[in-house]
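Undergrad: below: sequence and its predicted model.
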Amino acid sequence: MARKYHTIITQEDDGVWSPQFGDYDLEVVRQERLDMLDSVSMDYKAKRVKILTTPDAKQKTINDYVKRYNEGKP
């Protein structure tokens, strides 16, 4: 059985979503997201920083899911 993988994706000013950080442990990813939102050096808004969960950690799978966001079909 494949383990779920959690990836932080961010939306840039041009509207494009891209992966930033990932881990199998959802709590680690949640904490990283909070750290990103609290960071003074990064101007992220909560609605532009999401956690994406995929059935595995394969880069192709993650890219396919991110592509859905970029096509407006999350």
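TA: Arrived safely.
Undergrad: what about stretch 52-64, start to end distance?
TA: 11 Å (Cα to Cα, to the nearest Å).
Undergrad: tell me the mean pLDDT over it?
TA: Model confidence over stretch 52-64, given as mean pLDDT, is 95.
Undergrad: who touches that stretch?
TA: Residues from elsewhere that reach stretch 52-64 (Cβ atoms under 8 Å, 6 or more residues apart in numbering): 2-9, 19, 22, 24, 26, 65-66, 69. C-beta coordinates here come from the backbone N, C-alpha and C atoms, glycine included.
Undergrad: please redo it, this time with the cut-off set to 6 Å
TA: Contact with stretch 52-64 is made by 2, 4-7, 9, 19, 65, as judged by Cβ atoms under 6 Å, 6 or more residues apart in numbering.
Undergrad: buried sites along that stretch?
TA: Applying a neighbour-count criterion of 16 or more other Cβ atoms under 10 Å, one finds 52, 54, 57, 62 buried in stretch 52-64.
Undergrad: which helix or which strand is home to the third one?
TA: In the assignment (DSSP states H and E), residue 57 maps to no helix and no strand.
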